[in-house]
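Colleague: structure for the following, please:
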Amino acid sequence: MEWRDEGIVLSARRHGETSAIVTLLTREHGCHAGLVKGGFSKRSRAVIEPGNRAHAVWRGRLAEHLGLYALETVHCHGAILLDDGDRLSAMAAALAVAEGALPEREPHGAVFAALEAFLDALEHEDLAPEPAAWGGLYVKWELGLLRQLGFGLQLNHCAATGVAGDLVWVSPKSASAVCREAGEPYRDRLLPLPGFLLARGGGAGTVGEVMKGLRLTGYFLDRHLFSPHGRAMPQARARLVERMARLANEPV
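Modeller: Just a heads-up that it's a prediction; the model follows:
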């Protein structure tokens, strides 16, 4: 059998001397692995770089088999971001979280489209010198991933009072926003809610707000998508958090 799709390279692992097992996030076939013969050869290595967008043809005798990939590169995000370690770290984190969180071979077109948009945004010249801008977009991407997988946060109104204003915390139990007045007695048990997640538009106001957002989404990613399966959060995401903490001059 055979199918064709658009894909984003999430990872490539060596298989044998020169071949590679490449995992793509595809638009219609979800997170899907396949064998690329000679993928780590000098001629083909650039094709399987994580972050590449590619036209993919998958062939296998049966649907459940690993199968073979033929890939044609459409765009190389990593090559463009190579001289900016911070934005490259954000790309690597998004790819690793997507691969770790998404179920295999289950279509999530909205997640694909959001990751595609985030990678495009990382290249935007106006965002390059502004870690709060692309960092805020990254946090919003993780928030969208949680929502698409059925673990969305309720941030429209206070879970305790129903009011829509002055929302400053999130309950770790209910994943719902809590207003200042209702949450003040329990503030040590609540997660800070950065204001940029309540506003429409671009990224965060400060890198410190991005750090709050990373802690918030990280808590629910770990709780719902990694710990239940005995997996740790991806190291690539931890490296992004460390970078953002340095930029914000605060501890991880």
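Colleague: ok so residue 24 is a strand residue?
Modeller: Yes: counting by DSSP: H, G, I helix; E, B strand; the rest coil, residue 24 falls inside a strand.
Colleague: got the contact list for it?
Modeller: 7-10, 31-34, 54, 56, 69 (Cβ atoms under 8 Å, 6 or more residues apart in numbering). For glycine as for every other residue, the C-beta is placed from the backbone atoms N, C-alpha and C.
Colleague: which strand residues bridge it?
Modeller: Beta bridges link residue 24 to residue 9, residue 32, judged by DSSP bridges.
Colleague: from residue 4, how far out is it?
Modeller: 12 Å (Cβ to Cβ, to the nearest Å).
Colleague: now residue 192
Modeller: Per Cβ to Cβ, residue 192 is found 45 Å from residue 4.
Colleague: correct me, but residue 252 touches residue 242?
Modeller: Yes: using Cβ atoms under 8 Å, residue 252 is in contact with residue 242, at 5.7 Å.
Colleague: just the helices in the stretch 1-150 of the chain please.
Modeller: Taking DSSP state H, counting those that start in this stretch, the helices of the stretch 1-150 of the chain run over residues 77-81, 85-101, 109-122, 131-148.
Colleague: can I get those in TSV including mean neighbour count?
Modeller: As requested, the helices of the stretch 1-150 of the chain are exported to TSV (neighbours: other Cβ atoms under 10 Å):
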stretch	mean neighbour count
helix 77-81	18
helix 85-101	22
helix 109-122	18
helix 131-148	22
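Colleague: as TSV, those with mean pLDDT and distance to residue 38 would be great.
Modeller: Shown next, in TSV, are the helices of the stretch 1-150 of the chain (pLDDT from 0 to 100; distance: least, Cβ to Cβ, whole Å):
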stretch	mean pLDDT	distance to residue 38
helix 77-81	91	20
helix 85-101	97	22
helix 109-122	96	26
helix 131-148	95	33
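Colleague: adding distance to residue 211, write those out as a markdown table.
Modeller: Shown next, in a markdown table, are the helices of the stretch 1-150 of the chain (distance: least, Cβ to Cβ, whole Å):
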| stretch | distance to residue 211 |
| --- | --- |
| helix 77-81 | 21 |
| helix 85-101 | 13 |
| helix 109-122 | 18 |
| helix 131-148 | 8 |
